[in-house]
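Q: here is a sequence with its predicted model. Questions after.
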Amino acid sequence: MPSVVLTGAQWGDEGKGKVTDFLAEKADIVVRFQGGNNAGHTVVVGDEEFKLHLIPSGILYPEKTCIIGNGVVIDPAVLLEELDYLAKRGINTENLRISERAHIIMPYHKKLDELIEESKGAAKIGTTKRGIGPAYMDKAARTGIRFIDMLEREEFAEALERNLQEKNKLLAKVYNVEGFSRDEIMEEYMGYADRLRKYAADTSIIIHDCLQAGRNVLFEGAQGTLLDLDHGTYPYVTSSHPIAGAACIGAGLGPTQINKVIGIIKAYTTRVGEGPFPTELKDETGKHLRDKGFEYGTTTGRPRRCGWFDAVIARYTARTSGLTNLAVTKLDVLTGMETIKICTGYMFRDKVISEFPASLKALAECQPVYEEIQGWQEDITGAKTIADLPEAARNYLRRISELAGTPVSIIGVGTRRSQTIVIDTLF
Ligand code: GDP
Ligand code: IMO
Ligand code: MG
């Protein structure tokens, strides 16, 4: 602190929600800066589990300000559902603030997400079908509708009219499906506007003032490096930038104002959706990781593909996000394995390469080069300090840290807040 960015270091679902909630105790503000409700962040407090999609994971502390930044795309219906869900569970959401500049997901975005996926057949991306891609497409095309526009009836009516003229034509002529009614959307969205108006703010100013006052701001990334629109396994990516640099654009501050960047990385690797995954295990070991780690999507419930830890990816994230620290999560899931593998490079046409290739064709030819590490059998779910971990587990962490060129500063040994080991400098 004072300003820390948490970023997913793999293909998402690394445990960003849990680590954000853990670090939020020391933060004054927690900010989401990209993505939308394609994210699913799980936080466990005591015996209660919370699944958050749009609202920052700091919301479980009543006194923290939580911000949905300008870089996020917001489905207002989902946001209201999430607010109601939290209210029902006794969580105060009065301190939520939403950037006036954030873009809104419209009904036609969700429909188009489905239709575009269907039309791709076997080449589908496996999106969450939440309308994320089409909403960012409109943002880049400069036809999107922002939160502030939704709050002004006339502004919204005009923007909707312009959009429906184009979208309804596209739906009818290209996809052969019925379009949307202007009046129905108008009525629906004006209802959302009434309920959400009180949260609207120029959130960049709130963050700026907080940092000026020397207080702490935590930026909660969604998705992960390899789902980044520029740096991920394109086209099998999301439509925003999960890497740390996006915090500046998506929240409205400069790179000089970021002090630390923490890469959240699972002790193994998972991916949900289509696309390449060099260390994927399609065998019993992969199934074992899925069962033991409860690897099912928080948003869509799809089974996650599982594989060994990939240090090529760890190094890639360390570089593209400028990591200062690593938080290694789910170490407990590896307990009980005889040996554990770490991928240190890829065999590509008789040569070992240590960088992640841009070409998907080349990536498909890459075979992981593994190093085997002795496993451990002791239960580590109660470990409070690094010294409580078996030597083999410490060796595993040391090797990950060495290969990533980044110190491991936080270790997850279970889903609860208390199952988190904090170390400033490891070993
Ligand atoms: P996110 O999208 O990065 O926030 O991650 P998800 O919430 O989608 O998936 C991570 C899952 O792992 C959640 O169910 C968490 O409760 C769980 N989890 C997080 N950290 C740990 C850990 O250290 N050990 C175990 N066993 N589970 C964890
Ligand atoms: P969190 O924040 C894992 C994946 C989808 C699909 C691709 C594109 O929980 O880590 P999209 O709907 O974004 O257009 O889908 O990205 N994806 C995620 N995978 N965790 C996520 O979020 C994801 N958000 C999107 O499965 O492969
Ligand atoms: Mg998730």
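A: Looks like it came in fine. This structure is a prediction, so every number in the text was calculated from the model and none was measured. Ligands and ions are numbered 1, 2, ... in the order given.
Q: what ranges do the strands span in the stretch 151-300 of the chain?
A: Secondary structure of the stretch 151-300 of the chain (DSSP state E, counting those that start in this stretch): strands located at 200-201, 217-220, 260-266, 269-271.
Q: want to throw those into CSV with distance to ligand 2?
A: C-beta here means a position set from N, CA and C on the backbone, and glycine is covered the same way. Converted to CSV, these look like this (distance: least, C-beta to the nearest ligand atom, whole Å):
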stretch, distance to ligand 2
strand 200-201, 23
strand 217-220, 9
strand 260-266, 9
strand 269-271, 7
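Q: show me which positions of the longest helix along the chain end up buried.
A: The single longest helix within the chain, with elements called by DSSP state H, is helix 153-173. Going by neighbour count (16 or more other C-beta atoms under 10 Å), the buried part of helix 153-173 is 156, 159, 160, 163, 164, 167, 168, 171.
Q: wait, what's in contact with residue 237?
A: 125, 226, 227, 228, 229, 275 (C-beta atoms under 8 Å, 6 or more residues apart in numbering).
Q: identify the residues contacting the third one.
A: Put plainly, it is residue 227. Taking C-beta under 8 Å, 6+ apart as the test, what residue 227 contacts is 8, 11, 12, 233, 237, 238, 242.
Q: quick check: the residue of the stretch 1-150 of the chain nearest ligand 2.
A: When scored by C-beta to the nearest ligand atom, the stretch 1-150 of the chain has residue 12 as its residue closest to ligand 2, at 2.5 Å.
Q: what's the spacing between that residue and ligand 1?
A: 6 Å (C-beta to the nearest ligand atom, to the nearest Å).
Q: surely that residue touches residue 225?
A: No: in this structure residue 12 lies outside contact range of residue 225 using C-beta atoms under 8 Å: 9.4 Å.
Q: thinking again about what came up before, quick check: which of the strands of the stretch 151-300 of the chain is buried the most?
A: Burial of those is given as mean neighbour count (mean count of other C-beta atoms under 10 Å); strand 217-220 ranks first at a mean of 30.
Q: note down every partner strand of that strand and its orientation.
A: Next to strand 217-220 in the sheet, as set by DSSP bridges, lie strand 3-8 (parallel), strand 29-32 (parallel).
Q: tell me the one of the buried residues of helix 153-173 nearest residue 199?
A: Closest to residue 199 out of those is residue 156 (16.8 Å), distances taken as C-beta to C-beta.
Q: near ligand 2, which residues of the protein?
A: 8, 11-13, 38-41, 125-128, 130, 132-133, 222-224, 227, 238-239, 272-273, 298 (C-beta under 6 Å from any ligand atom).
Q: contacting residues for the residue of the chain found nearest ligand 2?
A: Closest to ligand 2 within the chain is residue 273: 2.1 Å, counting by C-beta to the nearest ligand atom. Each residue near residue 273 by C-beta under 8 Å, 6+ apart is listed here: 125, 126, 127, 128, 236, 302.
Q: surely the last one meets residue 271?
A: So the one you mean is residue 302. No: judged on C-beta under 8 Å, residue 302 makes no contact with residue 271 at a distance of 10.5 Å.
Q: mutual contacts of those two, please.
A: Contacts common to residue 302 and residue 271, judged by C-beta under 8 Å, 6+ apart, are absent.
Q: what residue is smack in the middle of this protein?
A: Geometric centre of the chain, nearest residue: residue 222, 1.9 Å, by C-alpha atoms, centre = their mean.
Q: now do the contacts for that one.
A: Neighbour list for residue 222: 8, 12, 16, 32, 34, 35, 36, 38, 39, 41, 240, 242 [criterion: C-beta under 8 Å, 6+ apart].
Q: fine, thanks again, bye for now.
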